[in-house]
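A.B. asks: Kindly return the folded structure for what I paste below:
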Amino acid sequence: MNVEGKKVLVVGTGKSGIAAAALLAKEKAAPVLFDENKDTDAEEVKKKLPDAEIEVITGTLPEGILDELELAVLSPGVPVDTPFVEKFRDKGIPVWGEVELGYAFSKGKVIAITGTNGKTTTTALTGQIMRDYYESVFVVGNIGNPYTLEALNTREDSVTVAEISSFQLETTVDFHPSVSAVLNITPDHLNRHHTMENYAAVKESITKNQTKEDTCVLNYEDPYTRAFGERCPASVIWFSSADKLAEGYYLEGEDIIRSFGGVTEKLLNINEMKLIGTHNVENVMAAIAMSAAYGVPMANIINTVKHFQAVEHRIEYVAEKDGVVYYNDSKGTNPDAAIKGIRAMNRPTILIGGGYDKQNEYDEWVEAFDGKVKLLVLIGQTKEKIAECARKHGLTNIVFADTFEECMEICVKNAVSGDAVLLSPACASWGMFPNYEVRGNMFKEFVNNL
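C.D. replies: Numbers count the residues shown, from 1 in each chain. Just a heads-up that it's a prediction; the model follows:
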């Protein structure tokens, strides 16, 4: 795409907005950065782009500017169904996301991963498998590295491994991975997508430009992805943690098995991996399936899998203090993710939960406690809602904390040797923290200072 001399509005001045504006400036476009927050300091924003002449507008967008725009690029946090975004469509201005912009300017092939949970671990592992075999590999997207930051560095032989959230998928147009995966679809972000049908459709749209020459890896155990397999435009490869598959990858006892064309092969024993929990076995099978479909030899794949460490903030071992083991699962930002966190615990657990209210229900999460949770410490906007749910299911040992420091002090005071303290909130961090990374880092800092 040629954007030289064209005025492009970039909505959002966070990490992805800055990266998008920088790419556009390098391509000699005339980017305008916009932030609806009138308190945003335009001069501070400009300092993040020292090599570019970029206009920054905060507060309200001047009406006249719409007549000058050739393209609008939305950051993932901007909902697509607002009157603000409808103005662009009414004027016939194409609306892209930062991922679409990155894709438009990148070379090589793309492996793209979505799903409610497991995206980051699967993306990081797949990226590492690719890096261990190919020369030019980029890991981008929702994992924290904007696509637009790397797009101009890609080559014809590059592999770009992209973690793609539902927010990012809403604004893709021509984005076309050669290999994709939908790991699972469980309730999340319903305050943005409104219904499960909408949410599932957005996740499935990762395949909208794929053909049968491309591959989509799907979870056989998830009802949404299993149903989607029937109408998926790509060639489907299944993985399963509970069923023996005639075709695909599955867990049998403690072994990961590959079965294709009547040939069954044991790939590895899960005890050879550094990742723990059934959810991580699913993530590993998805990464193996994608990497093999892309062309990496199985011996190379398995070697990387065996040495791969857990992703930060995802059931991350922090330390053992006075016989108490502390785990940081701050990335457990919805009930389904947090279920995997508590299921990975094998000792009495003091559990930290609560945060921003995304309109989720917590019954299945509380049921998954399975007698392991000796104390539930709740923080944030959802603490009353979660407490009511927990009491309904018979858990009454619940404490509220007003601050994160108070919460940690309660945990330390109540933990005894042989216990675990698990930060796995089942909620987003917003309201108390800028993001789950800050929440997880604060947890780790407190534990390491004990």
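A.B. asks: can I see the domain layout of the chain?
C.D. replies: 7-93, 100-307, 316-448 (automatic domain parsing).
A.B. asks: how about those domains, which one is nearest residue 1?
C.D. replies: Set against residue 1 and scored by C-beta to C-beta, the domains of the chain come closest in domain 100-307, at 4.9 Å. No exception for glycine: its C-beta is placed from N, CA and C like everyone else's.
A.B. asks: Would you pull up how far that closest one lies from the middle of the chain?
C.D. replies: Remark: domain 100-307 is offset 12 Å from the chain centroid, using C-alpha atoms, centre = their mean, to the nearest Å.
A.B. asks: Over to it now: how far is its first residue from its last?
C.D. replies: 33 Å (C-alpha to C-alpha, to the nearest Å).
A.B. asks: Now do the phi/psi pair for residue 163.
C.D. replies: phi -90, psi 120 (degrees, to the nearest 10).
A.B. asks: sorry, back to before: could I get the domains of the chain as CSV with mean pLDDT and mean neighbour count?
C.D. replies: Converted to CSV, the domains of the chain look like this (pLDDT from 0 to 100; neighbours: other C-beta atoms under 10 Å):
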stretch, mean pLDDT, mean neighbour count
domain 7-93, 90, 17
domain 100-307, 93, 20
domain 316-448, 95, 19
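A.B. asks: can you list the ones you listed in a markdown table and add distance to residue 1?
C.D. replies: Below are the domains of the chain laid out as a markdown table (distance: least, C-beta to C-beta, whole Å):
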| stretch | distance to residue 1 |
| --- | --- |
| domain 7-93 | 9 |
| domain 100-307 | 5 |
| domain 316-448 | 31 |
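A.B. asks: Please give me every residue in contact with residue 221.
C.D. replies: For residue 221, the contacting residues are 240, 241, 242, 243, 282, by C-beta atoms under 8 Å, 6 or more residues apart in numbering.
A.B. asks: Figure out the helix or strand that it lives in.
C.D. replies: Under the criterion of DSSP states H and E, residue 221 resides outside all helices and strands.
A.B. asks: and what of residue 217?
C.D. replies: Assigned by DSSP H and E, residue 217 belongs to strand 215-219.
A.B. asks: and which of the contacts of residue 221 is nearest to residue 10?
C.D. replies: Of all those, residue 10 sits closest to residue 282, with 36.1 Å by C-beta to C-beta.
A.B. asks: give the contact list for the closest residue to the closest one other than its chain neighbours.
C.D. replies: Once flanking residues are discounted, residue 282 sits nearest to residue 241: 5.1 Å by C-beta to C-beta, 6 or more residues apart in numbering. The contact partners of residue 241, taken as C-beta under 8 Å, 6+ apart, are 221, 250, 251, 278, 281, 282, 285.
A.B. asks: Which member of the residues you listed is positioned nearest residue 322?
C.D. replies: The closest of the contacts of residue 241, once distances to residue 322 are taken by C-beta to C-beta, is residue 278, at 29.8 Å.
A.B. asks: tell me the contacts of that closest one?
C.D. replies: By C-beta under 8 Å, 6+ apart, the neighbours of residue 278 are 241, 251, 340, 343.
A.B. asks: could you redo the last one with a cut-off of 10 Å?
C.D. replies: Contact analysis of residue 278 by C-beta atoms under 10 Å, 6 or more residues apart in numbering lists 221, 241, 242, 251, 270, 340, 343, 344.
A.B. asks: how far away is the second one from residue 308?
C.D. replies: Just to be clear, that refers to residue 241. 18 Å (C-beta to C-beta, to the nearest Å).
A.B. asks: next one: the first one
C.D. replies: Summarising the geometry, the distance separating residue 221 from residue 308, computed by C-beta to C-beta, is 22 Å.
A.B. asks: Which ones among the contacts of residue 278 map onto helices?
C.D. replies: Among the contacts of residue 278, the ones falling in helices (DSSP state H) are 340, 343.
A.B. asks: Quick check: of the contacts of residue 278, which lies closest to residue 63?
C.D. replies: Comparing the contacts of residue 278 against residue 63 with C-beta to C-beta places residue 340 closest, at 48.0 Å.
A.B. asks: what's near enough to touch that closest one?
C.D. replies: 117-118, 277-280, 282-283, 314-315, 329, 332, 368, 424.
A.B. asks: sorry, back to before: could you dump the contacts of residue 241 into JSON lines and include distance to residue 205?
C.D. replies: What follows is these, written out as JSON lines (distance: C-beta to C-beta, whole Å):
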{"residue": "221", "distance to residue 205": "22"}
{"residue": "250", "distance to residue 205": "27"}
{"residue": "251", "distance to residue 205": "29"}
{"residue": "278", "distance to residue 205": "27"}
{"residue": "281", "distance to residue 205": "27"}
{"residue": "282", "distance to residue 205": "22"}
{"residue": "285", "distance to residue 205": "23"}
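A.B. asks: what's the farthest-apart pair in those residues?
C.D. replies: Farthest pair in the contacts of residue 241 (C-beta to C-beta) is 250 and 278. Separation: 12.3 Å.
A.B. asks: May I have the strands that pair with the host helix or strand of residue 111, each with its orientation?
C.D. replies: Residue 111 belongs to strand 109-114 when assigned by DSSP H and E. Paired strands of strand 109-114, with direction, are strand 159-163 (parallel), strand 179-182 (parallel) (DSSP bridges).
A.B. asks: residues in contact with the helix or strand just after the longest one?
C.D. replies: Spelled out, it's strand 159-163. Remark: after strand 159-163, the chain's next helix or strand is helix 166-169, criterion DSSP H and E. For helix 166-169, the external contacting residues (C-beta under 10 Å, 6+ apart) are 16, 74-80, 97-100, 112, 114-116, 141-142, 147, 162, 175, 185, 188-189, 192-193, 198-206, 208.
A.B. asks: re earlier: would you tell me which of the strands paired with strand 109-114 gets closest to residue 227?
C.D. replies: The nearest among those, by C-beta to C-beta, is strand 179-182 at 11.3 Å.
A.B. asks: Identify the residue nearest residue 149 in space, chain neighbours excluded?
C.D. replies: Per C-beta to C-beta, 6+ apart, closest to residue 149 is residue 19, 4.3 Å.
A.B. asks: and the end-to-end length of stretch 398-416?
C.D. replies: End to end - C-alpha to C-alpha - stretch 398-416 spans 17 Å.
A.B. asks: isn't residue 252 right up against residue 281?
C.D. replies: No. Assessed by C-beta atoms under 10 Å, residue 252 is found out of contact with residue 281, at 11.2 Å.
A.B. asks: quick check, residue 86 in a helix?
C.D. replies: Yes. Residue state for residue 86 (DSSP: H, G, I helix; E, B strand; the rest coil) corresponds to a helix.
A.B. asks: Test my guess that it contacts residue 80.
C.D. replies: Yes. In this structure, residue 86 is within contact of residue 80 by C-beta under 10 Å, at 9.0 Å.
A.B. asks: which residues are common contacts for those two?
C.D. replies: Here residue 86 and residue 80 share the contacting residues residue 95, scored by C-beta under 10 Å, 6+ apart.
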